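S.K.: Everything below, folded, please.
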Amino acid sequence: MARLAIEVGKDLLNAAETARKLRLSVPHVYTLAAAGTLPSIKFMKAVRFDPKDVDAFIEAHRRGVARPKNAA
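M.R.: This next block holds a predicted model:
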């Protein structure tokens, strides 16, 4: 079994907090976690999310190229 490197005392997000950050429903966050699409940490029945993983998920799903406002 793989060991997770989590800093002691680090704040993890619960499903509701993660859903708010992603602007998704809580059930959809659980679906993404169960599918392994969104990395999660499970303690017994509790599921938590590392904020860095949530940010990486957002970046991985970014579409298009951002253009500076001054670009012609």
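
S.K.: shaky segments in this protein?
M.R.: Within the chain, the stretches with pLDDT under 70 are 1-9, 66-68, 71-72.

S.K.: Strands of that one, start to end?
M.R.: For the chain, the strands defined by DSSP state E occupy 41-43, 46-48.

S.K.: Need the winner for burial among these.
M.R.: Stretch with highest mean neighbour count among those: strand 46-48 (a mean of 15; mean count of other C-beta atoms under 10 Å). C-betas here are computed from N, CA, C, even on glycine.

S.K.: Strand partners (parallel or antiparallel) of it?
M.R.: Applying DSSP bridges, strand 46-48 is found paired with strand 41-43 (antiparallel).

S.K.: now the strand it pairs with, how far from the centre of its chain.
M.R.: Relative to its parent chain, strand 41-43 has a centroid offset of 13 Å by C-alpha atoms, centre = their mean, to the nearest Å.

S.K.: ok, and for stretch 15-31, which residues are buried?
M.R.: Neighbour counts over stretch 15-31 (16 or more other C-beta atoms under 10 Å) mark Ala15, Glu17, Thr18, Ala19, Lys21, Leu22, Val29, Tyr30 as buried.
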